[in-house]
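[1] any chance you could fold what I've pasted below:
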Amino acid sequence: MRHLLLGSGLALLSIAGLFHLYVFYLESVAWTRPKTWKTFKVPSQEHAEIIRPMALNQGFYNLFLGVGILIGLALVNSHSTIAYTLLISSATSMVGAGVVLMASVKGSARAAAMQALPPFLGVVFLLLGFNQ
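    Predicted structure coming up:
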């Protein structure tokens, strides 16, 4: 059971890390493409250009969180204390950002759940696996 819980947690954290890398791409690389800014409910190309510096900055936050997860995953077998510290720290930051999004932006429940649910469940499974 322990291996199933830990494996499930690591799989969910992999999804969370990859998702945050994808969001980095959208916010920092593809921000001014109409499909991208429409995804984020930005009303026009002009608005996208105005908030581009903020989106770039936010994208890099997502990059750092995603990279933290991926480095943690890469270190799981050789440096478990460091690995699990990175995984839990990055994942709880993702969860916190999702909670802030839901609380601060009306109609963002779906986006917040996509951001927060996989890392939240990943941490829950890891902690349950540690206690087996």
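
[2] got the contact list for the closest residue to Ala48 other than its chain neighbours?
    In space, and not counting its chain neighbours, Ala48 is closest to Trp37: 3.9 Å by CB to CB, 6 or more residues apart in numbering. (Each C-beta comes from the backbone N, C-alpha and C, glycine too.) By CB atoms under 8 Å, 6 or more residues apart in numbering, the contact set of Trp37 is 31, 45, 47-48.

[3] quick one: average pLDDT of whichever helix or strand Trp37 is part of?
    Using DSSP states H and E, Trp37 sits within helix 34-39. Mean per-residue pLDDT for helix 34-39: 94.

[4] next structured bit after that helix?
    Helix 34-39 is succeeded, C-terminally, by helix 45-50 (DSSP H and E).

[5] quick one: list the elements packing against that following helix.
    If you count contacts as 3 or more CB pairs under 8 Å, 6 or more residues apart in numbering; DSSP states H and E, helix 45-50 packs onto helix 34-39.

[6] where do the helices sit along the protein?
    2-24, 34-39, 45-50, 52-75, 80-104, 109-130 (DSSP state H).

[7] how far out from the middle of the chain is the longest one?
    Spelled out, it's helix 80-104. 8 Å (CA atoms, centre = their mean, to the nearest Å).

[8] before we move on, what about the first one?
    The chain centre lies 9 Å from the centre of helix 2-24; the measure is CA atoms, centre = their mean.

[9] quick one: mean pLDDT over it.
    Per-residue scores along helix 2-24 average to 96.

[10] what of stretch 90-109?
    Here the average pLDDT along stretch 90-109 is 95.

[11] what comes up buried for stretch 84-93?
    If you call a residue buried by 16 or more other CB atoms under 10 Å, then stretch 84-93 has these buried ones: 84, 86-88, 90-91, 93.
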